[in-house]
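[1] I need the structure of the sequence given here:
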Amino acid sequence: MPALTINGSIRDVAVPDDMPLLWVLRDVIGLTGTKFGCGIAQCGACTVHLDGVPVRSCQLPIGTIGGRAVTTIEAIGDTTTGRKVQQAWLEAEVVQCGYCQSGQIMSASALLAATPVPTDADIDAAMAGNICRCGTYVRIREAIKNAARA
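    Numbering: from 1, shown residues only. The predicted structure is shown next:
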């Protein structure tokens, strides 16, 4: 029975080691903010942080996590950078359908934590693979730049 550190709490879960983290979060623990998109780690809807690094949880077996800390959208606002990103998202009115936004916010928060004043190239690289079917990319970039200035 693996023990996982999720959003600062240790959780014991009785699941196979090859179960993807996404399903542990959503179906076992009940944290449904992380979304299932494509299932092949290409769309970014399932992005969470593993020791502060954005990862695609749909393809990450929990048996590979070990003692590393998992942060989900439910707790990203507890960080200074996460709060700034969430506020900037609201101010720029990024969200349309909203489905991809938890993954977008997780990727943007990791970017700004590592690169507080990102260039357009930094933003492009960090956000590559986060797909928004509504096409809010201009507002996403604006929100990231606003969060960086905050």
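[2] alpha carbons only for contacts and neighbour counts from here, please
    Noted.
[3] could I get the full set of strands for the protein?
    For the chain, strands defined by DSSP state E occupy the ranges 3-6, 9-12, 47-50, 53-56, 69-71.
[4] deepest in the core, which of these is it.
    Ranked by average neighbour count under the criterion mean count of other C-alpha atoms under 10 Å, the strands of the chain are headed by strand 47-50 at a mean of 26.
[5] can you count the residues close to residue 103?
    30 (other C-alpha atoms under 10 Å).
[6] closest to residue 97 out of the strands of the chain?
    Proximity of the strands of the chain to residue 97 was assessed by C-alpha to C-alpha; the nearest stretch is strand 47-50, lying at 17.4 Å.
[7] CA atoms of that closest one as PDB?
    Taking Å, rounded to 0.1, in the frame of the first residue of the first chain, the C-alpha atoms of strand 47-50 are listed here in PDB:
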ATOM      1  CA  THR A  47      -0.800  18.400 -15.100                       C
ATOM      2  CA  VAL A  48       0.200  18.300 -11.400                       C
ATOM      3  CA  HIS A  49       3.500  19.100  -9.700                       C
ATOM      4  CA  LEU A  50       5.900  16.500  -8.500                       C
END
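[8] can you list the strands of the chain in CSV and add distance to residue 150 and mean pLDDT?
    Written out in CSV, the entries for those read as follows (distance: least, C-alpha to C-alpha, whole Å; pLDDT from 0 to 100):
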stretch, distance to residue 150, mean pLDDT
strand 3-6, 27, 94
strand 9-12, 29, 95
strand 47-50, 22, 98
strand 53-56, 22, 98
strand 69-71, 22, 98
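[9] which one of these lies nearest to residue 136?
    Go through these one by one with C-alpha to C-alpha and the one that ends up closest to residue 136 is strand 47-50, at 17.6 Å.
[10] what's the closest one packed up against?
    Taking 3 or more C-alpha pairs under 8 Å, 6 or more residues apart in numbering; DSSP states H and E as the contact definition, the neighbouring helices and strands of strand 47-50 are strand 53-56, strand 69-71, helix 101-114.
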